[in-house]
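*Asks:* Model the following, please.
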Amino acid sequence: MDKKNNKFISFFKKEGFYVILFVCLCVVATFAAITARNNSKKAATEANKSNVAMNINESDKSTTQMPDAEQVKKPATSSNATGVTVPNTKTVTNTAKVTFSNPVSDGAVSRAFSDGSKPIEIKGFNVWTTVVKGIGINAKKGTTVTAAADGKVTEVTNGDEFVGTYVVISHSNGMKTIYTNLDPQVSVKKDEVVKAKQTIGKVGDTARMLKFESYAEHLGFQILDSKDQQVDPSKYIKFNTAAK
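*Replies:* Numbering: from 1, shown residues only. Purely as a prediction, here's the structure:
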């Protein structure tokens with residue numbers, strides 16, 4: 001027994017340093033492995049947290065920030081006198097029926113209708129023009145001219161020598177009537193509200209380019225629809241037989 005102990009003590013004295021060194025290395029290696037594993041887990045956890053935070057931030061950006069996207073707007077509302085809030089609506093155009101009357105009492109058509117799409121001949125000056133539109137109503141100079149329907153005077157102008165002095169009246173259905181070759185001393189002014197058959201002026205001779213035509217003494221009369229297109233007045237007014 002003593003021999004065994006002596007051998008062990010002798011071995012330990014000779015090899016003890018290396019044994020202790022080996023044990024220490026094992027302990028250090030084990031500690032390093034455990035530490036590395038813990039650090040790896042911690043790093044993975046932090047990375048996951050970072051990814052989650054990044055995803056949340058990206059999600060917030062995608063749902064709350066749309067600088068390049070078209071904004072959806074709520075319909076505008078307005079309050080009426082009773083305090084009830086109602087959606088705004090488009091103004092409905094007044095399409096009230098308008099009845100037109102002859103602007104010259106018993107006047108007959110002396111110049112056929114022209115919508116200006118084709119030139120007509122002015123024989124007295126041997127020229128062609130598209131300026132002369134509508135119809136001519138036979139009437140001597142000084143004859144009273146009346147509004148063909150209720151409306152508002154929107155223009156009083158001295159035009160060129162094909163139309164002369166003229167008046168434009170706008171009506172509630174969006175249509176317009178135009179009266180040309182008037183005497184310069186008209187009876188109405190711009191923005192004046194007029195009634196049907198109210199005097200607006202007298203027939204003149206201001207359309208000087210037409211003074212040699214067979215219909216020289218006349219009122220030039222036009223009707224425009226709501227799109228400012230020429231309409232034959234004979235569709236709305238029953239005129240007497242054309243003057244000879």
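
*Asks:* Are we agreed that Thr30 is in a helix?
*Replies:* Yes: the assignment for Thr30 (DSSP: H, G, I helix; E, B strand; the rest coil) places it in a helix.

*Asks:* what's the domain layout of the protein?
*Replies:* Domain assignment of the chain by automatic domain parsing yields the ranges 1-61, 109-235.

*Asks:* Asn102: which of those is closest?
*Replies:* Checking these against Asn102 by C-beta to C-beta gives domain 109-235 as the closest, at 7.4 Å. Bear in mind the C-beta positions are built from the backbone N, C-alpha and C, glycine included.

*Asks:* Rounded mean pLDDT for the closest one, please.
*Replies:* Mean per-residue pLDDT for domain 109-235: 97.

*Asks:* okay, how far is it across it, tip to tip?
*Replies:* Counting by C-alpha to C-alpha, to the nearest Å, you get 13 Å between the two ends of domain 109-235.

*Asks:* So which residues of the protein form helices?
*Replies:* Ranges of helices in the chain, per DSSP state H, are 2-64.

*Asks:* Which stretches in it count as strands?
*Replies:* 77-79, 85-87, 109-114, 120-122, 127-129, 134-138, 144-146, 151-158, 165-170, 176-182, 193-194, 199-202, 218-224, 230-231 (DSSP state E).

*Asks:* Using CSV, lay out those strands together with mean neighbour count and distance to Phe100.
*Replies:* Listed next are the strands of the chain as CSV, based on neighbours: other C-beta atoms under 10 Å; distance: least, C-beta to C-beta, whole Å:
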stretch, mean neighbour count, distance to Phe100
strand 77-79, 9, 37
strand 85-87, 9, 37
strand 109-114, 19, 14
strand 120-122, 15, 23
strand 127-129, 13, 26
strand 134-138, 26, 13
strand 144-146, 20, 11
strand 151-158, 16, 10
strand 165-170, 21, 11
strand 176-182, 25, 7
strand 193-194, 15, 13
strand 199-202, 19, 14
strand 218-224, 25, 7
strand 230-231, 16, 10
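
*Asks:* Identify the residues contacting the nearest residue to Phe125 once chain neighbours are set aside.
*Replies:* Among residues not flanking Phe125 along the chain, Met209 sits closest, at 6.1 Å (C-beta to C-beta, 6 or more residues apart in numbering). Applying C-beta atoms under 8 Å, 6 or more residues apart in numbering, we find Met209 in contact with 122, 124-125, 127, 129, 161-162.

*Asks:* any idea how far Val163 is from Met209?
*Replies:* Distance, Met209 to Val163, using C-beta to C-beta, to the nearest Å: 9 Å.

*Asks:* Please apply the same query to Asn102.
*Replies:* Taking C-beta to C-beta, one finds Asn102 at 20 Å from Val163.

*Asks:* Thr180 now?
*Replies:* 4 Å.

*Asks:* quick one on the thing from earlier: select, out of the domains of the chain, the one closest to Lys97.
*Replies:* Comparing these under C-beta to C-beta, the one sitting nearest is domain 109-235, at 6.9 Å.

*Asks:* I'd like the strands of the chain laid out as a markdown table, including distance to Phe22.
*Replies:* Shown next, in a markdown table, are these (distance: least, C-beta to C-beta, whole Å):
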| stretch | distance to Phe22 |
| --- | --- |
| strand 77-79 | 88 |
| strand 85-87 | 89 |
| strand 109-114 | 122 |
| strand 120-122 | 125 |
| strand 127-129 | 122 |
| strand 134-138 | 122 |
| strand 144-146 | 129 |
| strand 151-158 | 114 |
| strand 165-170 | 113 |
| strand 176-182 | 115 |
| strand 193-194 | 118 |
| strand 199-202 | 126 |
| strand 218-224 | 114 |
| strand 230-231 | 116 |
